[in-house]
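Visitor: I'll drop the sequence and a predicted model, then ask my questions.
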Amino acid sequence: MSTSKDGKDGTDWSADQYLKFHDERTRAVHDLVHRGDTPLRIIDLGCGPGNSTAVLADRFPGAQLSGVDSSPNMIAKARATLPGVAFGLADLRTYAPAPGAADLLLANAVFQWLSLAERLPTVLRLFAALPPGGVFAYQVPDNKSEPTHQAMREVARGEAPGTSPSDPWVATLRELHDRDPIETPEQIYDALIPHSQSVDVWHAVYNHVLVGGPKDIVEWVRGTGLQPWVNALPDEVTKQAFVAAYERRLGELYERRVDNSVIIRYPRLFVVAVKK
């Protein structure tokens, strides 16, 4: 799930934090891999702690599996979980699989970390390494407009109710570059179809029930989207103050259900392309 070692700032990702919502994070992988023929060689791009690789192993028990990720913490967790799989460190912006090394490339929730200028060129370069008939399957969160992420930006810039431009985190976070939006299905289709037998692009929205309310939302996003914001702050006191303000804002945005849980919408975009 990581394509740079640190998500932009020099601090490694936490596999344990990421896996706190293992079932919810892995559901999209199941939906992605239940399409297409049976591959012989699979590379899990941005494999994270190995949760997506484990789904591939169950779905395609006869295939030769390998995985790459740019996070040493994630790779260590993946190797401990799946000792029979070859895992290695790699940054997808420069990673080049050998021609014929895979007939399925899968990337679960990794390309959203690349800039718009990098993303489709990286996809196309990796796609070119597949043989004719090879499959590139990936999914990315398409949730930049969801309240979880709108609230990050509002609080970071001191624009949310109850926050101020004088809050101690604002000077650092005001100019922090948020991740770029995801391409439209039309843009992805147009980029891939000249090189493809077929391109399938679709959206799915997952509604996740979080029993702990806003505190659980914070724990969810702390493993992914919130991390670059928090890691940019200079000290623990400022980090805690920012996260507390963010949690308060989530409490205003997400209505409690009758059992005191909250439901977060999680849109994801899926792509499956078959090489010419």
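Guide: Here it is on my side, so go on.
Visitor: Spell out which residues sit in contact with A107, please.
Guide: D44, L45, G46, L92, A137, Y138, Q139 (Cβ atoms under 8 Å, 6 or more residues apart in numbering). Placement of C-beta: from N, CA and C, glycine included.
Visitor: Selecting buried members of these in PyMOL, what would you type?
Guide: The following PyMOL line selects those of the contacts of A107 that are buried, judged by 16 or more other Cβ atoms under 10 Å:
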select buried, resi 44+45+46+92+137+138+139
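Visitor: Identify, from the contacts of A107, the entry nearest to S198.
Guide: A137 (12.2 Å; Cβ to Cβ).
Visitor: what secondary structure does that closest one sit in?
Guide: strand (DSSP: H, G, I helix; E, B strand; the rest coil).
Visitor: I'd guessed it sits against L32; true?
Guide: Yes. Using Cβ atoms under 8 Å, A137 makes contact with L32 at a distance of 5.3 Å.
Visitor: Give the residues shared as contacts by these two.
Guide: L106, F270, V272.
Visitor: In strands only, show me those residues.
Guide: Judged by DSSP state E, those include L106, F270, V272 as members of strands.
Visitor: which residues touch the first one?
Guide: With contacts defined as Cβ under 8 Å, 6+ apart, the neighbours of L106 are V29, L32, V33, I42, I43, D44, L45, S52, L56, A137, Y138.
Visitor: now with 10 Å?
Guide: By Cβ atoms under 10 Å, 6 or more residues apart in numbering, L106 lies in contact with 29, 32-33, 39, 42-47, 52-53, 55-56, 67, 135-139, 272.
Visitor: my guess is I42 is in a strand, correct?
Guide: Yes. Checked against three-state DSSP, I42 lies within a strand.
Visitor: can you give me the helices in the stretch 101-250 of the chain?
Guide: All helices of the stretch 101-250 of the chain, identified by DSSP state H, counting those that start in this stretch, fall at 116-128, 147-156, 170-173, 185-192, 214-222, 227-231, 236-253.
Visitor: Make CSV out of those helices and add distance to A63 and mean neighbour count.
Guide: Output for those, formatted as CSV (distance: least, Cβ to Cβ, whole Å; neighbours: other Cβ atoms under 10 Å):
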stretch, distance to A63, mean neighbour count
helix 116-128, 18, 17
helix 147-156, 35, 21
helix 170-173, 43, 17
helix 185-192, 23, 16
helix 214-222, 31, 19
helix 227-231, 32, 21
helix 236-253, 41, 17
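Visitor: so can I have CSV of these showing distance to I75 and mean pLDDT?
Guide: Below are the helices of the stretch 101-250 of the chain laid out as CSV (distance: least, Cβ to Cβ, whole Å; pLDDT from 0 to 100):
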stretch, distance to I75, mean pLDDT
helix 116-128, 19, 97
helix 147-156, 27, 97
helix 170-173, 29, 97
helix 185-192, 28, 99
helix 214-222, 20, 93
helix 227-231, 17, 94
helix 236-253, 26, 98
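Visitor: Tabulate these (a markdown table), appending distance to I264.
Guide: A markdown table is the format used below for the helices of the stretch 101-250 of the chain (distance: least, Cβ to Cβ, whole Å):
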| stretch | distance to I264 |
| --- | --- |
| helix 116-128 | 24 |
| helix 147-156 | 6 |
| helix 170-173 | 22 |
| helix 185-192 | 23 |
| helix 214-222 | 6 |
| helix 227-231 | 17 |
| helix 236-253 | 9 |
